[in-house]
Every structure is written in structure tokens, then in C-alpha cells.
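Novice: okay, predicted coordinates and the sequence, questions at the end:
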Amino acid sequence: MGEIVSVLKQRCPRCREGKVFHGLWSMYEKCSVCGLVYQREYGYFYGAMYASYAFGFLTTFYWLPMLLLGVSPIWVIGLPTVQLIVQAPLAFRYSRVIWLHIDHRFDPLPQEPASSTNGAG
Ligand SMILES: [Zn+2]
């Protein structure tokens, strides 16, 4: 399947078959098909925050036309706020999957992850 489809279906960036999530907020540690470890290192998903910010910003940008058209501030603030809360699981999941695919595209791991070298030897 194509990369866009595998992102939409929230699949592994390497084999595009293994699922990334097993619950609303929980990820598998690694791909059940090819064994790719999803979180390469501590803090790996900080990069996903940028995708999440962009997603939230772009999907709620209608607040500006509402403000300019004189809509009540209750709606200008309240509607995007409620929307951000409702779409939080989607933003969480897709920002991580998009980050995984972007990172894998530009810096793919070899088939078998290298054993950790800690300098002892
Ligand atoms: Zn995989």
C-alpha cells in the first residue's frame, strides 16, 4: 500500500503493515510484522509535537474570520477549544504516525536494530 494510505491507516513506516496503536492513546513498542522499534530513543516523539501544533492550528484557523465578522467571543474562543479537545486523540495518533513516517523516510533504521554500544569495550 502507498505511504499516504499507510499513514491514514496508522501503519508501520517500514513494512506498512504492522499497526502502530492498540488503544486510543497507547502504542505498540515495536512493529508486530517487521520488528521496527517505534520509539528509537527517549524523547523521540517530541518531533511529533510540531505536527500536532500544525494540525491544531490549521483545523481551528476559522476563529480569525469569525472574529473579523463580529461573532461573539464566546464562540470565537469556545468552538475551537471544544474542537481541539474532541480531536485530541486524532491529533495525537496522526502526529506520531506522520512523525514516524517522515523520520523513517529520511533516516531509516536497518532491518535489524544495531545492538547498543555504550562504549564499554
Ligand atoms: Zn513494520
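Specialist: Looks like it came in fine. Everything numeric here is computed off the predicted structure, so don't read it as measured data.

Novice: can you list the residues of this structure near the ion?
Specialist: 12, 14-15, 18, 31, 33-34, 36 (Cβ under 5 Å from the ion). To be clear about C-beta, it is placed using only N, CA and C from the backbone, and glycine gets the same treatment.

Novice: for the residues you listed, pick the one with the most neighbours.
Specialist: Highest neighbour count within the residues of the chain next to the ion, by other Cβ atoms under 10 Å: C12, with 24 neighbours.

Novice: relative to V20, how far out is that one?
Specialist: 6 Å (Cβ to Cβ, to the nearest Å).

Novice: same thing with S32?
Specialist: S32 is 10 Å from V20, by Cβ to Cβ.

Novice: counting neighbours, go ahead and name the busier of these two.
Specialist: V20 (21 against 14).

Novice: for the lowest-mean-pLDDT helix or strand in the chain, what is the distance to the chain centroid?
Specialist: In the chain, no helix or strand scores lower on mean pLDDT, DSSP states H and E than helix 46-59, which sits at a mean of 89. Mean-position distance between helix 46-59 and its chain equals 8 Å (Cα atoms, centre = their mean, to the nearest Å).

Novice: which helices and strands does the helix or strand following it pack with?
Specialist: Sequence-wise, the next helix or strand downstream of helix 46-59 (DSSP states H and E) is helix 63-68. Judged by 3 or more Cβ pairs under 8 Å, 6 or more residues apart in numbering; DSSP states H and E, the packing partners of helix 63-68 are helix 73-86.

Novice: joint contacts of C12 and V20?
Specialist: Common contact partners of C12 and V20 (Cβ atoms under 8 Å, 6 or more residues apart in numbering): 31, 38, 100.

Novice: looking at the first one now. What's its pLDDT?
Specialist: Think C31. Note on C31: pLDDT of 96.
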